[in-house]
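>>> Sharing a sequence plus its predicted fold:
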Amino acid sequence: MTGRRRLAIACVALAQLACGGREAESGRTVITISSSVVGTDGPLLRRQLDRFMQVNPGIEVRLHRVSDDATQRHQLFVQWLNARAGDPDVLELDVVWTSEFAAAGWLLPLEDPSIDRAAFFPGTLRACLWAGDLYALPWYADVGLLYRRTDLVPKEPASLDELATFAQRGIASGAVPFGIAWMGARYEGLVTVFLEYLGGFGGQIMDDSMNVRVDAPEAVRALTFMRDQITRWKVAPDDVLTWHEEETRFAFQNGRAVFMRNWPYAYTAMADPAQSRVAGKYAVSPMPAAPGGRPTAALGGAQLAINRWTEHPAAAFALVQFITAPEQQLERAVAIGEFPTLRAVYDEPSLRAALAIPADDARRAVESATPRPVTPLYTQLSEILQIELHRALAGQITPEAALTAAAQKMNAAVARTGLREYMFGRPVTSAR
Amino acid sequence: MSARADPRLTQDRRLAFAFVTPAVSVIALIAIFPLLWTLWNSLHLQDLRMPWLGHPFIGLDNYAELARDPRFWSSLGHTLFFTVVTVSLELVLGLIIALAMNSTFRGRGFARATSLLPWAIPTVVAALLWRFMFDSQAGIANALLVAIGVLERPMVWFIEATTAWIPVILSDVWKTTPFVAILLLAGLQNIDRTLYEAAEVDGASAWWRLWHITIPLLKPTIFVALIFRTLDAFRVFDLLYALTGGGPGTATEPIALYTHTIILQHLRFGYGSALSVVVFVITFGLALIYIRGLGLRLSGEER
């Protein structure tokens, strides 16, 4: 333990050296916030931090640069937090990490009475909770959207059947080679796509008692529907099984598909007629559902949490509150089009004018946003699911066999950790 | 035996120990200590996601789980497959290139320098390059194979286990053969020319000279190349991380990538430590076998 502690101190010292020392010149409290500082995001965040420092002259905020790749950022945070580094004080977390980090004891619970939980969309807030306590505040929301070519499709598809029909018609007309493009590579994106079809058929990944439900008939129907798009109706090319966000967007942007499932960023990215063949010819809606299901959008986006090892929890909390406040969310939405997590912001006239996507469509999508299972095991469960989904979509195994295998492995992983016993009060019988 | 009685030698010995101590302590600190720590961790339950389970000693449970873990066995299989195929190809091709570069021809210096280019490219960059070349829509591999009639229509390389291995093996061979070639070239240049001249005078064919002079005398260098390449290939990580991500499914997942996932994605430090220990034991065993094959002895004393 002493060895570990010493190592931890050494790591903290190194981390401090790495960001140039954290002693303020004028006795101000110095805190840091993680950020990838790429694209339009960097200047905006800097502007907001400058304003924060004007309002709070006793606090100096510095940016701690991290990778913009989520997997790498996760790895960095794990290394730092496990070594008890107090820097960065404020962490930008992907929506699926919060429960994992909270369970590991790496985040401070946010108990301040000034937090109005009801002001946030329920899905965005649910992703910030662990064992009933709040560990982060929603910063911005990413939601899965169905893009459609307005010149090829008469209206928003009202059901999944209609989606398949419109896609087939689009190909039959000879206007496009593909009916629908989505991210089907074996990675996290595939789970978000599956989650939407799953919800559309009335299923869920995990129920409230932490039982994995991906072997239910609804789930088999959802995966079969995805597979049929590739093999039966041939509206999605084989290639989708290697596609991430960008390959998917390129296919749609080059005018090769009727529909595309993607995130809001693509809306702005495809608007430039110099680079996009579909500029002005597309619209978005939430994914449709089958009878008995409900339209579902996967929730992505970021949250802000406070490092458990910070030396300045009060200053860190002030910063989190400032950045997630309505003014800053509005500014963010207007400047870079990321969806606010606060309901009230959608009524702002300036938002309605500035958001590329009609504000009501955006609000509808965030309202129906469903978080992925909120559990510290999420990364592991998602990986099991990704592998089995991908095997079924690639035709190596039937959807039913894949989902049975996935459910069995996922349930075994949950059982081994004693998570259910911990969550629902029964004693942890065995460590394994 | 009289050495032990000689006070001067004893003093030399002490001095020698004093000189060796710093090096040994550095090795202990940066190699032996982490190794023992990993070993210790592998005997414990340590799951950062589940702090309430504590950090209890569980004996060999992690290893028992490993033995039952199909993903461990398949990743071990992939690693062995990758190692055997790439190292054999690299050795054969490397030897051919080395022999060619060892003969005298115009522009030899230029050829030697440029042959190292693939080796100089960072692995991740090379992996992405190969990823693009084997892209199903815009990749040059599909365009070429369709143009010459091998394929009827473009294929999706990375969704099938067998076809996903092709870019993996090709890129590793492309990237690492130059390294093997340069190593072997150095060995070739150490072979005494007069041996070849004598053999030629005796009327030996080029083939005979290759098998009876070049290969036997090159054996130590070949073993060195084999040690480097086998251990490197066995620990392959970055190439597959960037090229296939271990997919489709886990069909190209090597053991290093699986370990990385267990520790840094699943936060199961205890189980991940057990995996690391197994990888260490295997690579260390391989190194020992090679060193024996090379006829080297670990202690410096005379035989």
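Structure received.
>>> ok, which residues in chain B are in contact with chain A?
Contacts of chain B with chain A, taken as Cβ under 8 Å from any Cβ of the partner chain, map to B:37, B:45, B:47-54, B:56, B:58, B:61, B:135-137, B:156, B:158-160, B:245, B:247-250, B:261, B:264-267. Where you see a C-beta, it was placed from the backbone N, CA and C, and this is true even at glycine.
>>> could you redo the last one with a cut-off of 6 Å?
Counting by Cβ under 6 Å from any Cβ of the partner chain, chain B comes close to chain A at B:45, B:48-53, B:136, B:156, B:158-159, B:247-250, B:264-266.
>>> and A:Glu60, what element?
Counting by DSSP states H and E, the element that carries A:Glu60 is strand A:59-65.
>>> quick one: B:Ile121 from B:Lys175, how far?
7 Å (Cβ to Cβ, to the nearest Å).
>>> no wait, B:Gly109
The gap separating B:Gly109 from B:Lys175 is 22 Å, by Cβ to Cβ.
>>> from the stretch 51-200 of chain A, which residue is nearest to chain B?
For the stretch 51-200 of chain A, the residue closest to chain B is A:Arg186, as judged by Cβ to the nearest Cβ, at 4.3 Å.
>>> so that residue, which of the three states?
coil (DSSP: H, G, I helix; E, B strand; the rest coil).
>>> tell me the contacts of it?
The neighbours of A:Arg186, taking Cβ atoms under 6 Å, 6 or more residues apart in numbering or on different chains as the test, are A:Gln386, A:His390, B:Gly247.
>>> Can you list phi and psi of A:Leu146 for me?
Per-residue torsions, A:Leu146: phi -100, psi 120 (degrees, to the nearest 10).
>>> tally of neighbours for it?
23 (other Cβ atoms under 10 Å in any protein chain shown).
>>> did I read that right, A:Val235 in a strand?
No. Going by three-state DSSP, the assignment for A:Val235 is coil, not a strand.
>>> Could you measure from it over to A:Phe166?
For A:Val235 relative to A:Phe166 (Cβ to Cβ), the value is 9 Å.
>>> Among those two, which residue is more densely surrounded?
A count of neighbours by other Cβ under 10 Å puts A:Val235 above the other of A:Val235 and A:Phe166, at 25 against 22.
>>> which non-adjacent residue is nearest the more buried one?
A:Gly179 (2.8 Å; Cβ to Cβ, 6 or more residues apart in numbering or on different chains).
>>> Could you do A:Val96 as well?
Of all residues not flanking A:Val96 in the chain, A:Tyr378 sits nearest, at 5.0 Å (Cβ to Cβ, 6+ apart).
>>> picking that back up, B:Gly109 and B:Lys175: which is more packed in?
Ranked by neighbour count (other Cβ under 10 Å), B:Gly109 and B:Lys175 place B:Lys175 first, with 23 against 9.
>>> picking up where we left off before, looking just at contacts, which helices and strands does the strand holding A:Glu60 meet?
Packing partners of strand A:59-65 (3 or more Cβ pairs under 6 Å, 6 or more residues apart in numbering or on different chains; DSSP states H and E): strand A:29-35.
>>> Name the residues that touch the lowest-mean-pLDDT helix or strand in chain B?
The weakest-scoring helix or strand in chain B, judged by mean pLDDT, DSSP states H and E, is helix B:108-115 (a mean of 84). For helix B:108-115, the external contacting residues (Cβ under 6 Å, 6+ apart) are B:Met101, B:Pro178.
>>> got the CA coordinates for that helix in PDB?
Provided in PDB are the C-alpha atoms of helix B:108-115 (Å, rounded to 0.1, in the frame of the first residue of the first chain):
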ATOM      1  CA  ARG B 108      23.600  -0.700 -54.200                       C
ATOM      2  CA  GLY B 109      23.900   1.900 -51.600                       C
ATOM      3  CA  PHE B 110      20.700   3.500 -52.800                       C
ATOM      4  CA  ALA B 111      18.900   0.200 -52.800                       C
ATOM      5  CA  ARG B 112      20.000  -0.600 -49.200                       C
ATOM      6  CA  ALA B 113      18.900   2.800 -47.900                       C
ATOM      7  CA  THR B 114      15.500   2.800 -49.600                       C
ATOM      8  CA  SER B 115      14.700  -0.800 -48.700                       C
END
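>>> What residues of that helix count as buried?
When burial is assessed from 16 or more other Cβ atoms under 10 Å in any protein chain shown, helix B:108-115 yields the following buried residues: B:Arg112, B:Ser115.
>>> after it comes which helix or strand?
For helix B:108-115, the following helix or strand on the C-terminal side (DSSP H and E) is helix B:117-120.
>>> and that following helix, which residues are buried?
Neighbour-count burial for helix B:117-120, counted by 16+ other Cβ under 10 Å, picks out B:Pro118, B:Trp119.
>>> related to what we said a few turns ago, and the gap between the residue nearest to A:Val96 and A:Trp106?
A:Tyr378 is 15 Å from A:Trp106, where distance means Cβ to Cβ.
>>> Point out where chain B drops to low pLDDT.
Along chain B, the parts satisfying pLDDT under 70 run over B:1-5, B:295-303.
>>> which bits of the stretch 101-250 of chain A sit near chain B?
So the stretch 101-250 of chain A meets chain B at A:Ala103, A:Ala104, A:Gly105, A:Arg186, A:Asp238, A:Asp239, A:Leu241, A:Thr242 (Cβ under 6 Å from any Cβ).
>>> Could you rerun that using 7 Å?
For the stretch 101-250 of chain A, the residues in contact with chain B (Cβ under 7 Å from any Cβ of the partner chain) are A:Ala103, A:Ala104, A:Gly105, A:Arg186, A:Tyr187, A:Asp238, A:Asp239, A:Leu241, A:Thr242.
>>> for chain A, which helix is longest?
If you go by DSSP state H, chain A has its longest helix at helix A:399-417.
>>> cool, and chain B?
Chain B, longest helix under DSSP H: helix B:70-102.
>>> hang on, the earlier thing: burial of the residue nearest to A:Val96, as a residue count?
Count around A:Tyr378 with other Cβ under 10 Å applied: 23.
>>> Now do the contacts for A:Val334.
Going by Cβ atoms under 7 Å, 6 or more residues apart in numbering or on different chains, A:Val334 touches A:Ser350, A:Leu351, A:Ala354.
>>> measure the first one to A:Leu330 for me?
Translated: A:Ser350. For A:Ser350, the distance to A:Leu330 (Cβ to Cβ) stands at 7 Å.
>>> Just the ones of the contacts of A:Arg186 in strands?
Among the contacts of A:Arg186, the subset assigned to strands under DSSP state E is empty.
>>> which of these lies closest to B:Glu65?
Set against B:Glu65, the nearest of these by Cβ to Cβ is A:Gln386 (21.5 Å).
>>> What values do phi and psi take at the closest residue to that closest one other than its chain neighbours?
Of all residues not flanking A:Gln386 in the chain, A:Arg186 sits nearest, at 5.1 Å (Cβ to Cβ, 6+ apart). For A:Arg186, the backbone dihedrals (degrees, to the nearest 10) come out as phi -80, psi 90.
>>> again, but for B:Phe17
Torsion angles, degrees, to the nearest 10, at B:Phe17: phi -60, psi -40.
>>> again with A:Ala290
phi -90, psi 160.
>>> hang on, isn't it packed against A:Pro157?
No. Using Cβ atoms under 7 Å, A:Ala290 is not in contact with A:Pro157, being 11.4 Å away.
>>> how about the residue nearest in space to the middle of chain A, secondary structure?
Centre of chain A computed as the mean C-alpha position; nearest residue by Cα atoms, centre = their mean is A:Gly300, 1.9 Å away. Classification of A:Gly300 by three-state DSSP places it in strand.
>>> That one reaches A:Val96, doesn't it?
No. A:Gly300 is not in contact with A:Val96 according to Cβ under 7 Å; the separation is 8.6 Å.
>>> for A:Tyr378, what are its contacts?
Neighbouring residues of A:Tyr378 by Cβ under 7 Å, 6+ apart: A:Val96, A:Ser99, A:Glu100, A:Arg372.
>>> State the distance from the first one to B:Arg209.
Put plainly, it is A:Val96. Taken as Cβ to Cβ, the span from A:Val96 to B:Arg209 is 64 Å.
>>> All set now, cheers.
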